[in-house]
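Chemist: This is the structure alone, sequence omitted:
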C-alpha cells in the first residue's frame, strides 16, 4: 500500500525537533566562555577543546556511523545517537571539573555527528530529487533556532547565568532530552513505513559491502564540495560557536548580553536565508556560482572586524549569509553525485573530514589566544586568531571556482541546472 505523502513532512518536523536540541547543546559553550574562564579558571585552549573534543571522535567514528545508517536505517541510528547525546549533555552539566566536562562533550560528539548523518540521509531519501535542497535547507533553518536560542540565552535566561556556569548547561541537557523525542518520532515513522528508510531498500537490493577504494571513486566535484564544507565549517563554528562572544566582550567592549545578541545575527540570517538558497538551488541550479558568492563574503566578515566604521552586526550577518549556503546548496548536491545506496557512507566521510577541520581550528584558535595573552586587558592578542580565520576563509574561493568550472563543463552532473 502506498505511503501517505504527508508522512515525509512529519519526518521533516520530527527531524527539525531533533536538530534544534542538538544545535542548542553544541552552541551552549560560547555564551559561557567568559564565565568558564572566570569561575572555573579554564584557559582558552581548554574552552576551545570543549568544542574540539566534540569533533575528535568523529574523525574516526562518523564515517562508521554512515555505514551504520546504510546497514540499520536512518531512523534507528538517529534514536541511538540522540540518547548518547543526551547522556553526554547531562555529564557535561554535572560537575565543574574540566575532565568531567570534556568527557561529556566527547560523548555528545560521538552521537551528534552520526545523528546528523542519519537525519540528512532520511530527508534525502524521503524527498528524493524533487525538493530535496529546500527540505534540507528548511530542516537546517529550523535547527538554527536552537543555535539562535543558545546565543540569546544570556538575554532570555539571565537568571540562570547569574547563578553560575551550571544552570545554563542543565538547560542545555534538558533540550538534548527534547532532541530524543524528535529522534523517537523519526524512528517510529521509519519502523512502520512499508519499506525501511535505508538507501538499500530504495534501490531494492542488499547494501553493498563498503571498500575504502569506493571513497576514491567519488567524482572530483564531490571532493571540491567536501573541501568547501571543511573550510567553511573550520572557520564559522570555531569562531562563532566557541570564541566570538568572548572576543566581542574583550576586543570590542561589549556586555555579555550585547555580545550574545551580535553573535545571534549569524544564525538569525541563516534561519531566513537557508531555505531561500535551497529554493534557488532547486529552481535555478547555479550551485557553483552560489558558492563563489559565499566564498567572497566569508573572508569579508573577518576583514570587517578590523574596520572601525563597520558595524559589528554587518560582519555577523555576512557570516550568516555565507554559512547558509553549505546546508542549502552543498549537502543536497551530494545526492546528485553519489548513488543512493552509498549516501550514508558519502555523508559520513564528508562529516569525518569536517570534524578534522573543526577540531584542529578550535585547538589552534585557542592556542593563538593563549600564546598572545588575549584578554580584556590585551584585546590585540585576538588579532592572530582573526588573521588565521581570514586566511582560511579566503582559500575557499579557489575550490568554489574549481567546482563551478567542472560542473559547467562536459563532466558536470547537473549542479548548475535546476532540480
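Modeler: Thanks, I have it. Everything numeric here is computed off the predicted structure, so don't read it as measured data.
Chemist: Report the helix or strand with the lowest average pLDDT across the chain.
Modeler: When the helices and strands of the chain are scored by mean pLDDT, DSSP states H and E, helix 199-203 comes last with a mean of 40.
Chemist: OK, contacts around residue 297?
Modeler: Contacts for residue 297 (CB atoms under 8 Å, 6 or more residues apart in numbering) come out as 318-319, 321-322. Yep, even glycine has a C-beta here, placed from its N, CA and C like the rest.
Chemist: and it, what element?
Modeler: Assigned by DSSP states H and E, residue 297 falls within helix 287-304.
Chemist: neighbours of the nearest residue to residue 286 once chain neighbours are set aside, just the number please.
Modeler: In this structure, residue 286 finds its nearest non-sequential neighbour in residue 416, 5.6 Å apart by CB to CB, 6 or more residues apart in numbering. Residue 416: 19 surrounding residues under other CB atoms under 10 Å.
Chemist: Residue 416 and residue 405: what is the separation?
Modeler: 10 Å (CB to CB, to the nearest Å).
Chemist: any shared contact partners between these two?
Modeler: With CB under 8 Å, 6+ apart, residue 416 and residue 405 have common neighbours residue 288.
Chemist: I figured residue 268 hits residue 148, correct?
Modeler: Yes. The pair residue 268 and residue 148 qualifies as a contact (CB atoms under 8 Å) at a distance of 5.8 Å.
Chemist: Report the contact partners of the closest residue to residue 177 other than its chain neighbours.
Modeler: Nearest residue to residue 177, sequence neighbours excluded (CB to CB, 6+ apart): residue 86, at 5.6 Å. With contact set as CB under 8 Å, 6+ apart, residue 86 has these partners: 173, 176-177, 179-180.
Chemist: Check residue 367 too.
Modeler: Residue 367 sits in contact with 45, 48, where contact means CB under 8 Å, 6+ apart.
Chemist: and it, helix, strand or coil?
Modeler: For residue 367, the assignment made with DSSP: H, G, I helix; E, B strand; the rest coil gives helix.
Chemist: ok, now how distant is it from residue 48?
Modeler: 8 Å.
Chemist: which of the residues in stretch 236-254 are buried?
Modeler: Neighbour counts over stretch 236-254 (16 or more other CB atoms under 10 Å) mark 236-251, 254 as buried.
Chemist: So for it, mean pLDDT?
Modeler: Here stretch 236-254 scores 87 as its mean pLDDT.
Chemist: Okay, now it: how far is its last residue from its first?
Modeler: Start-to-end span of stretch 236-254 (CA to CA, to the nearest Å) is 20 Å.
Chemist: what distance separates that stretch from the centre of its chain?
Modeler: 18 Å (CA atoms, centre = their mean, to the nearest Å).
Chemist: Tabulate the contacts of residue 297 in JSON lines, adding columns for pLDDT, distance to residue 292 and neighbour count.
Modeler: JSON lines is the format used below for the contacts of residue 297 (pLDDT from 0 to 100; distance: CB to CB, whole Å; neighbours: other CB atoms under 10 Å):
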{"residue": "318", "pLDDT": "86", "distance to residue 292": "15", "neighbour count": "24"}
{"residue": "319", "pLDDT": "85", "distance to residue 292": "17", "neighbour count": "29"}
{"residue": "321", "pLDDT": "86", "distance to residue 292": "13", "neighbour count": "21"}
{"residue": "322", "pLDDT": "85", "distance to residue 292": "11", "neighbour count": "28"}
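Chemist: Relative to residue 162, which of those residues is nearest.
Modeler: residue 319 (29.0 Å; CB to CB).
Chemist: roughly how far apart are the closest one and residue 273?
Modeler: 12 Å.
Chemist: Please identify the helix or strand for the nearest residue to residue 43 once chain neighbours are set aside.
Modeler: With sequence-adjacent residues excluded and distances taken as CB to CB, 6+ apart, residue 43 is closest to residue 370, at 5.5 Å. In the assignment (DSSP H and E), residue 370 maps to helix 343-371.
Chemist: Report the buried residues of the next helix or strand after that helix.
Modeler: Going down the chain from helix 343-371, the next helix or strand is helix 383-394, by DSSP H and E. For helix 383-394, burial by neighbour count (16+ other CB under 10 Å) applies to 384-386, 388-390, 392-394.
Chemist: same question, stretch 296-306
Modeler: Buried-residue list, stretch 296-306, by 16+ other CB under 10 Å: 296-302, 304-305.
Chemist: what mean pLDDT would you report for it?
Modeler: 86.
Chemist: Then stretch 33-47?
Modeler: 89.
Chemist: where in the stretch 51-200 of the chain is pLDDT low?
Modeler: Within the stretch 51-200 of the chain, the stretches with pLDDT under 70 are 62, 128-130, 133, 191-200.
Chemist: show me where it has helices.
Modeler: Listed in chain order, the helices of the stretch 51-200 of the chain (DSSP state H, counting those that start in this stretch) span 74-94, 98-127, 132-156, 158-162, 166-191, 199-203.
Chemist: can I get the ones you listed in CSV with distance to residue 342?
Modeler: Output for the helices of the stretch 51-200 of the chain, formatted as CSV (distance: least, CB to CB, whole Å):
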stretch, distance to residue 342
helix 74-94, 14
helix 98-127, 11
helix 132-156, 16
helix 158-162, 44
helix 166-191, 19
helix 199-203, 7
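Chemist: Those helices: which one's closest to residue 354?
Modeler: Once the helices of the stretch 51-200 of the chain are compared by CB to CB, helix 98-127 is nearest, at 8.2 Å.
Chemist: picking up where we left off before, from the buried residues of stretch 296-306, pick the one nearest residue 41.
Modeler: residue 305 (27.6 Å).
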